[in-house]
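Novice: Here is my input, please return the structure:
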Amino acid sequence: MSESALPFDDIRNLVAQMPGPDEAAAAVVRARDAELTKPAGSLGKLEEIAEWLAAWSGKAPPKITRPLVAIFATNHGIADKGVSAFPQSVTRQMLENFSAGGAAINQICIANDLGLKVFDLAIDMPTPPIDDEDALDEPNCAATMAYGMEAVAGGTDLLCLGEMGIGNTTIAAAVFNGLFGGTAADWVGPGTGVDDAGLERKRVAVEKAVARLGSAANDPLEVLRKVGGREIAAMAGAILAARLQRTPVIVDGFVTTAAAAVLYKMDPGALDHCLFGHVSAEPAHRRALAAMNKTALFDFGMRLGEGTGAALAAGIVKAAASVHAGMATFSSAGVSGKES
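Specialist: As a prediction, the model looks like this:
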């Protein structure tokens, strides 16, 4: 990003420069789909996904050769307020588990032939507790978004986003509450399994954090820096960079959707290159998707994070691309078409 007097101005300028879909590529896919050896519309959502891939990658037929799951990890000072069932040390331990291949996301990546990269966002330096202080100042928030943009620097053609960070469902709830309004109780949930007392502490923490926003609630980037976290900032940057580079994105669950929501509030079309992989079992995820008029691909009752829902969805997206590109047409297969 170029330097400016205000770091967020660079982010706003990039949002203003987002390209639209490649309508020509999408038209090529629609035309080929009409000739494939199947009744029109019989593959349902798979047909829509193939067209979406073409529109946002510019490739017709769509092809996925370098899919990547990017996990952004950090810690949050709010975790010290008793809002999570697990201590912050688990974040570091889980990163070691990712490296050793022992996490759920490792197995899903193996099953779907996906690359995996983990980004350590200063895990050992938690952000301040958002009920008392801003999570980030403007320069650091913008810099973290820029760091997230590097997730697509290696040339991936399908970016699946995930996160790891104890306490980050509290952070995500505060971001959603700041962006979409309502009460703190509308947005908090059990996360990793917190008890009723912990859930009440989450509600109070989110309520206090959002009350600090004041007029800043009108600026999505200010909401992000004040009550968000490094992983949410980095994922927002990754989504933005993917749009600029015409890379389709799959968004994971509750926390990852909070990052997407920041961009949505800046421009409702900012997420057109994104699919939402699944509906999290975190109750407010449905509310968040509804607020953005988005529909997830599936609902498996998952709430693990780690990009697991996005990685599972990537298998569906890869199948959609392969089916469209690999199927025979009626003429090439010598199959009779529909009688007129």
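Novice: mind checking how far the spatially most central residue of the chain is from residue 239?
Specialist: Taking Cα atoms, centre = their mean, the centroid of the chain lies closest to residue 251, which sits 3.0 Å from it. Separation of residue 251 from residue 239 (Cβ to Cβ, to the nearest Å) stands at 8 Å. All C-beta spots, glycine's among them, are computed from the backbone N, C-alpha and C.
Novice: go on, residue 47?
Specialist: For residue 47, the distance to residue 239 (Cβ to Cβ) stands at 25 Å.
Novice: Compare these two (neighbour count), which wins?
Specialist: A count of neighbours by other Cβ atoms under 10 Å puts residue 239 above the other of residue 47 and residue 239, at 29 against 20.
Novice: Helix or strand: which one has the more buried one?
Specialist: helix 230-244 (DSSP states H and E).
Novice: Next, the buried residues of that helix.
Specialist: Neighbour counts over helix 230-244 (16 or more other Cβ atoms under 10 Å) mark 230-243 as buried.
Novice: same deal with stretch 320-335?
Specialist: 320, 321, 322, 323, 324, 325, 327.
Novice: What of stretch 139-153?
Specialist: Buried-residue list, stretch 139-153, by 16+ other Cβ under 10 Å: 140, 141, 142, 143, 144, 145, 146, 147, 148, 149, 151, 152.
Novice: Also stretch 119-132?
Specialist: 119, 121, 123, 126, 127, 129, 130, 131.
Novice: Check whether the last one really touches residue 202, as I assumed.
Specialist: By that I understand residue 131. No: contact criterion Cβ atoms under 8 Å: residue 131 and residue 202 do not qualify, at 10.3 Å.
Novice: could you say what helices and strands the longest helix seen in the chain packs with?
Specialist: Looking across the chain with DSSP state H, the single longest helix is helix 308-326. Secondary-structure packing of helix 308-326 (3 or more Cβ pairs under 8 Å, 6 or more residues apart in numbering; DSSP states H and E): helix 23-33, helix 45-57, strand 67-73, helix 104-112, strand 158-164, strand 249-251, strand 274-278, strand 296-298.
Novice: Nearest to residue 84, out of these?
Specialist: strand 158-164 (12.6 Å; Cβ to Cβ).
Novice: Tell me how far that closest one lies from the chain's centre.
Specialist: When distances are taken as Cα atoms, centre = their mean, to the nearest Å, strand 158-164 is centred 6 Å away from the chain's centroid.
Novice: Which strands border that strand, and is each parallel or antiparallel?
Specialist: Sheet pairing of strand 158-164 (DSSP bridges) gives strand 67-73 (parallel), strand 249-251 (parallel).
Novice: for the ones you listed, which one sits closest to residue 166?
Specialist: Residue 166 sits nearest to strand 67-73 of all the strands paired with strand 158-164, at 9.9 Å, using Cβ to Cβ.
Novice: and the angle from that closest one to helix 104-112?
Specialist: Strand 67-73 runs at 180 degrees relative to helix 104-112, counting by axes from the mean of the first three to the mean of the last three Cα atoms, to 10 degrees.
Novice: can you list the weak-confidence ranges in the chain?
Specialist: For the chain, applying pLDDT under 70 flags the ranges 1-5, 337-340.
Novice: Roughly how far does residue 301 sit from residue 308?
Specialist: Applying Cβ to Cβ to residue 301 and residue 308 gives a distance of 12 Å.
Novice: returning to what we had before: take the buried residues of stretch 119-132 and keep only those in strands.
Specialist: residue 119 (DSSP state E).
Novice: so which of the buried residues of stretch 119-132 comes closest to residue 33?
Specialist: residue 119 (36.8 Å).
Novice: Output the buried residues of helix 230-244 as TSV; include the columns distance to residue 223.
Specialist: Below are the buried residues of helix 230-244 laid out as TSV (distance: Cβ to Cβ, whole Å):
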residue	distance to residue 223
230	15
231	15
232	10
233	11
234	16
235	15
236	11
237	15
238	18
239	16
240	16
241	20
242	21
243	20
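Novice: Now the two most distant members of the residues you listed.
Specialist: Applying Cβ to Cβ across these, the maximum distance is between 230 and 243, 20.7 Å.
Novice: re the thing from before, residue 301 and residue 308: which is more packed in?
Specialist: The residue with more neighbours, out of residue 301 and residue 308, is residue 308; 26 against 8, by other Cβ under 10 Å.
Novice: so who does that one touch?
Specialist: Counting by Cβ atoms under 8 Å, 6 or more residues apart in numbering, residue 308 makes contact with 104, 105, 108, 162, 252, 302.
Novice: was I right about the fifth one contacting residue 159?
Specialist: Translated: residue 252. No: contact criterion Cβ under 8 Å: residue 252 and residue 159 do not qualify, at 11.2 Å.
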